[in-house]
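In: After the sequence you'll find the predicted model.
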Amino acid sequence: MSLVRLLGFTTLSCGCVSGRYREVSTDREITYIEEKGVSCSQSGHRRNQPIGPNRVAHGFGEGFHQAS
């Protein structure tokens, strides 16, 4: 387990909430599905699972919230 810093979060169009984190030791960005949306039909969206940028069709464009 590594120390991570929250970069931000967003609600995807499918209803899932995803969060972006940066690993402190390696400076690597990680994206997680924090909560699966009630109406989400994406089988790859599972709660507390890391996902790669090529697996998220929704991205982090509009609706991205910066963590403070």
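Out: Yep, that arrived. Residues are numbered from 1 along each chain as shown.
In: which stretches of the protein have low pLDDT?
Out: Within the chain, the ranges that satisfy pLDDT under 70 run 1, 52-68.
In: in it, which spans are helices?
Out: Using DSSP state H, no helices are found in the chain.
In: what about stretch 8-28, start to end distance?
Out: Counting by CA to CA, to the nearest Å, you get 14 Å between the two ends of stretch 8-28.
In: Mind listing what's buried along stretch 19-30?
Out: Going by neighbour count (16 or more other CB atoms under 10 Å), the buried part of stretch 19-30 is 19-21, 30. All C-beta spots, glycine's among them, are computed from the backbone N, C-alpha and C.
In: got the end-to-end distance for it?
Out: Stretch 19-30 has an end-to-end distance of 8 Å (criterion: CA to CA).
In: Who are the contact partners of the residue of the chain most remote from its centre?
Out: In the chain, the residue that sits farthest from the middle, by CA atoms, centre = their mean, is residue 25; the gap is 19.4 Å. For residue 25, the contacting residues are 2-3, by CB atoms under 8 Å, 6 or more residues apart in numbering.
In: go on, residue 34?
Out: Applying CB under 8 Å, 6+ apart to residue 34 gives the contacts 9, 16-19, 47-48.
In: coming back round to it: which of the buried residues of stretch 19-30 fall in strands?
Out: With DSSP state E as the criterion, strands contain 19-21, 30 from among these.
In: Spatially nearest residue to residue 20, not counting backbone neighbours?
Out: Nearest non-adjacent residue to residue 20, counting by CB to CB, 6 or more residues apart in numbering: residue 7, 4.3 Å away.
In: cool, residue 22 as well?
Out: residue 5 (5.0 Å).
In: gap between the one you found and residue 32?
Out: Using CB to CB, to the nearest Å, residue 5 is found at 13 Å from residue 32.
In: more neighbours, these two?
Out: When neighbours are counted by other CB atoms under 10 Å, residue 5 and residue 32 differ, and residue 32 comes out ahead with 18 against 10.
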